[in-house]
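Visitor: The following block contains a protein sequence and its predicted model.
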Amino acid sequence: MLFHVKMIVKLPVDMDPAKAATLKADEKELAQGLMREGKWRHLWRIAGQYANYSVFDVASVQELHDTLMQLPLFPYMEIEVNPLCRHPSSIREDDT
Ligand SMILES: O=C(O)C[C@H]1C=CC(=O)O1
């Protein structure tokens, strides 16, 4: 199942820089692992924002929820989720 996810990161301005750096490093490690598993299919920076557009490919809504909840930056993100399905005009064969 494919989901378009927008993540807006809002770290507290007074957060300890060392804590912020650790959170970002942990998030990067987890994100890259999910990408290698094929679950985090796309990750794009939204230009000019500390935010991203992502596409997740997971087995269920529950798996998406659990995956997002486990992100180290989850407590500091505003997240918007939209489910995706094939477009009848799409010519791409890999739109699974
Ligand atoms: O930077 C972000 O958009 C937030 C988050 C998503 C992946 C990652 O490494 O950090």
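Guide: Good, I have the coordinates.
Visitor: How many residues are close by the closest residue to residue 39 other than its chain neighbours?
Guide: Of all residues beyond its chain neighbours, the one nearest residue 39 is residue 58 (5.5 Å), with distances taken as C-beta to C-beta, 6 or more residues apart in numbering. The C-beta positions use only the backbone N, C-alpha and C, and glycine is treated the same way. By other C-beta atoms under 10 Å, the residues close to residue 58 number 21.
Visitor: Hmm, residue 58 is touching residue 65, no?
Guide: No. Counting by C-beta atoms under 8 Å, residue 58 stays clear of residue 65, with 9.4 Å between them.
Visitor: Residue numbers of this structure in contact with the ligand?
Guide: Residues of the chain lying close to the ligand by C-beta under 6 Å from any ligand atom are 7, 9, 27-28, 31, 43, 52, 73.
Visitor: now residue 5, nearest residue through space, not along the chain?
Guide: Using C-beta to C-beta, 6+ apart, the closest residue to residue 5 is residue 54 (4.5 Å).
Visitor: helix/strand/coil for the one you found?
Guide: Following DSSP: H, G, I helix; E, B strand; the rest coil, residue 54 is assigned to strand.
Visitor: Isn't residue 68 up against residue 78?
Guide: No. In this structure, residue 68 is not within contact of residue 78 by C-beta under 8 Å, at 11.6 Å.
Visitor: Those two: which is more packed in?
Guide: More crowded of residue 68 and residue 78, by other C-beta under 10 Å: residue 68, with 18 against 10.
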